[in-house]
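J.: Everything below, folded, please.
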Amino acid sequence: MTMNFRPLITLIAAALLMAACNTKESIDPFLVGNHSVGLLNDSTQIKDLKGIFANDSIATFENDMSFIGSVSDIRVYDTLGEHLLTLSPTEAQDSTATISTIRIETERYQTAEGINLNSTYGDLTAAYEVKKIDNLINTIVVSVKGSDAAFTIDKKELPANMRFDMNLNIDPIQIPDQAKIKYFMIHW
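T.: Alright, predicted model coming up:
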């Protein structure tokens with residue numbers, strides 16, 4: 001008695017092919033996670049960007065090399081010219097370098113909690129617990145627990161008495177809920 005394994009092998013091969021195809025397609029290209037931003041992750045190398053963004057444009061911003069240690073930012077634009085991301089590699093002019101920082105430039109990217117560039121501080125605090133607030137010259141940076149993201153708010157969104165004192169310790173409850181997120185960054 002001979003068994004015909006051809007249909008079984010064909011079925012297994014088709015299932016494996018479908019699983020391989022669904023893995024890449026099932027990744028949301030605009031989801032921001034702790035170790036990923038869309039198809040990028042904390043081990044993505046610069047040389048892989050052209051394949052990941054095959055339908056988009058990649059532009060390198062050349063910094064003035066007179067500054068020691070300068071790293072060229074990489075900007076990603078969609079086919080309509082919308083600025084999607086700004087990527088900072090760990091090393092300048094090294095195709096094997098990984099990405100150290102990603103700045104989100106469009107509201108299309110969002111966290112699993114739904115936070116994006118259209119969100120407010122109230123949305124942010126409803127989704128996350130504030131870990132730390134850095135008071136900078138023109139902005140404040142809000143770091144949250146459970147995320148690699150840091151959310152930037154323009155000081156114009158704050159009450160007048162909080163805008164100009166960089167030494168002021170800002171308590172999370174002092175920030176108005178309606179303050180808009182200017183941009184956010186992922187640091188690896």
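
J.: can you give me the helices for the chain?
T.: Taking DSSP state H as the test, the helices found in the chain are 6-25, 49-52, 121-127.

J.: From the chain's centroid, how far away is the shortest one?
T.: Distance of helix 49-52 from the chain centroid (CA atoms, centre = their mean, to the nearest Å) equals 16 Å.

J.: May I see the buried residues of that helix?
T.: Within helix 49-52, the residues scored as buried using 16 or more other CB atoms under 10 Å are residue 49. Bear in mind the C-beta positions are built from the backbone N, C-alpha and C, glycine included.

J.: Stretch 96-116 now?
T.: Neighbour-count burial for stretch 96-116 [16+ other CB under 10 Å]: 97-99, 101-106, 109-111, 113, 115-116.

J.: which residues are in contact with it?
T.: 30-33, 37-38, 40, 42-47, 82-91, 117-118, 123-124, 127-128, 147, 149, 151, 181, 183-188 (CB atoms under 8 Å, 6 or more residues apart in numbering).

J.: Quick one: low-confidence residue ranges for the chain.
T.: Residue ranges of the chain with pLDDT under 70: 1-26, 61-71.

J.: mind running it again at 90?
T.: Counting by pLDDT under 90, the chain has low-confidence residues at 1-28, 34-35, 54-72, 91-95, 146-148, 161, 164-167, 187-188.

J.: got the residue ranges for the strands in it?
T.: 31-32, 36-37, 40-41, 57-61, 73-77, 83-89, 99-104, 110-111, 130-135, 139-144, 149-154, 183-187 (DSSP state E).

J.: Quick one, which of the ones you listed gets closest to residue 167.
T.: Nearest to residue 167, of all these, is strand 130-135, at 7.6 Å by CB to CB.

J.: what lines up beside that closest one in the sheet?
T.: In the sheet, strand 130-135 lines up against strand 139-144 (antiparallel) (DSSP bridges).

J.: Just the angle for the strand it pairs with relative to strand 183-187, thanks.
T.: Strand 139-144 runs at 50 degrees relative to strand 183-187, counting by axes from the mean of the first three to the mean of the last three CA atoms, to 10 degrees.

J.: Could I have the ChimeraX command that selects the buried members from the contacts of stretch 96-116?
T.: In ChimeraX, this line selects whichever of the contacts of stretch 96-116 come out buried by 16+ other CB under 10 Å:
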select :30,32,33,37,38,40,42,44,46,84,85,86,87,88,89,117,123,124,127,128,147,149,151,181,183,184,185,186,188
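
J.: measure residue 36 to residue 59 for me?
T.: Distance of residue 36 to residue 59, given as CB to CB, to the nearest Å: 22 Å.

J.: More neighbours: which of these two?
T.: Taking neighbours as other CB atoms under 10 Å, residue 36 and residue 59 compare with residue 36 leading, 19 against 12.

J.: ok, now which ones touch that one?
T.: 27, 42.

J.: who's residue 154 bridged to?
T.: Taking DSSP bridges as the rule, residue 154 bridges to residue 139.
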